[in-house]
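Q: sequence plus predicted model, see below.
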Amino acid sequence: MRKVVLITGSSRRRVGFHLARFLIANGYQVVLHGKENVELGQQLAAELGEYACFEAADVTSDHQVSDLVDRVVNRFGHIDGLVTLASVWNPTPLLELNGEQVQRQLMVNGLGTILCAQKVGMQMVNQEAGGAIVTVGDWAVDRPYPEFIGYFLSKGGIESATKALAVELAALNNNIRVNCIHPGNILFPEDLPEKHRQEIESVTPTHHVNDPDAFCQTVVFFLENSMATGTSIKLDSGRSLA
C-alpha cells in the first residue's frame, strides 16, 4: 500500500509538481493542492497518472483545511506525509509596503503552514504509524535581500514553529516527526533572465543551482528517517555562507 503525501501549493508546474512526480516514482500516492489554479492543478494530477489527485482549499481557513484533510482521509483512509509549499512571494519596496500586504503573507506563509500541520498532525495522532510533516522556510531568512520584508517576516518563524510542532505532536504520538527545509535557488522562474541566472550561480560556492531533485531527495529523507525531528536543513549550495 502506498503512503499518502499531501503537498500544499502544488497546482502549478513548479517545485510541487516536481516533488509529486519524484514521490510517485518512489512509491508514494500524492495529493496535489491549490486554491486559485484549480483547473491547472487538476490537469497536472491527470498528467501524473493514477497515483495523483487534486484537492482545492484555502490554507488560511480552519474550516477549509479541516475539510481538505477529511476528503483525503475519506478517499485513502490515512495521510502519511505533509509538505507545506503553499506560499506568497511578492516583491514590495519598503516605502510602498502596507499592512494588507504584510498580513496576506503572514496568513498564507505563516498561518497556512500552522493550520495544515495542525489538522494533518491531529489526523496522524490517530494513526498508529503516525506520519511525517515537512515545513518549508527559506535560506535567506538569515540573509534577507531588499523588497521582501513581509515575506521574510512570515518565513522567519517557520523553523521555530517546526520545533514546537515536533514537540507537541510527538507527545501525542511518538511516531510523528516534523522537520523543516530552507531551500535556496532550487528552481529558477522560467522568465528569469540568463544574466541573473549566471549572477546567482557565480555567488553560490558550489555553483550548483536550479536542481529541484535536491529538494525532492531531502523531502524523502525527512519522510522516511525515523529519528529526524525538530530539525532543519539549508539547501542553498553554501550560498548563505558566502
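A: Cool, the structure landed. Note that the coordinates shown come from a computational prediction; the quantities given were computed from them, not determined experimentally.

Q: pull the number of nearby residues for the spatially closest residue to residue 203 that is not a sequence neighbour.
A: Closest residue to residue 203 apart from its sequence neighbours, by Cβ to Cβ, 6 or more residues apart in numbering: residue 242 at 5.7 Å. (Each C-beta comes from the backbone N, C-alpha and C, glycine too.) Counted by other Cβ atoms under 10 Å, the residues lying close to residue 242 total 11.

Q: where exactly do the strands run in the chain?
A: Along the chain, counting by DSSP state E, strands occupy 3-8, 28-34, 52-56, 81-84, 131-136, 176-183, 232-235.

Q: deepest-packed of those, please.
A: When you average the neighbours per residue for each of the strands of the chain (mean count of other Cβ atoms under 10 Å), strand 81-84 leads with a mean of 28.

Q: for that one, which strands pair with it and how are they oriented?
A: Strand pairing for strand 81-84, determined by DSSP bridges: strand 3-8 (parallel), strand 131-136 (parallel).

Q: most distant residue from the centre of the chain?
A: What lies farthest from the middle of the chain is residue 95; by Cα atoms, centre = their mean that is 29.7 Å.

Q: which pLDDT value belongs to that one?
A: On pLDDT, residue 95 comes in at 90.

Q: how near is it to residue 81?
A: For residue 95, the distance to residue 81 equals 42 Å [Cβ to Cβ, to the nearest Å].

Q: got it, and residue 221?
A: Distance from residue 221 to residue 81, by Cβ to Cβ: 12 Å.

Q: hang on, the earlier thing: Throw the strands of the chain into TSV and include mean pLDDT, thanks.
A: Output for the strands of the chain, formatted as TSV (pLDDT from 0 to 100):
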stretch	mean pLDDT
strand 3-8	98
strand 28-34	98
strand 52-56	98
strand 81-84	98
strand 131-136	98
strand 176-183	98
strand 232-235	96
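
Q: out of those, which comes closest to residue 91?
A: Ranking the strands of the chain by proximity to residue 91 (Cβ to Cβ) places strand 176-183 first, at 17.9 Å.

Q: chain center to that closest one: distance?
A: 9 Å (Cα atoms, centre = their mean, to the nearest Å).

Q: please save the CA atoms from the worst-scoring helix or strand of the chain on mean pLDDT in CSV.
A: Among the helices and strands of the chain, helix 194-202 carries the lowest confidence by mean pLDDT, DSSP states H and E, at a mean of 91. Extracted C-alpha coordinates of helix 194-202, given in CSV (Å, rounded to 0.1, in the frame of the first residue of the first chain):
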residue,chain,number,x,y,z
GLU,A,194,20.1,34.5,-18.2
LYS,A,195,22.3,37.2,-16.8
HIS,A,196,20.5,37.0,-13.5
ARG,A,197,20.9,33.2,-13.5
GLN,A,198,24.6,33.5,-14.1
GLU,A,199,24.9,36.0,-11.3
ILE,A,200,23.2,33.7,-8.8
GLU,A,201,25.4,30.8,-9.9
SER,A,202,28.5,32.9,-9.6
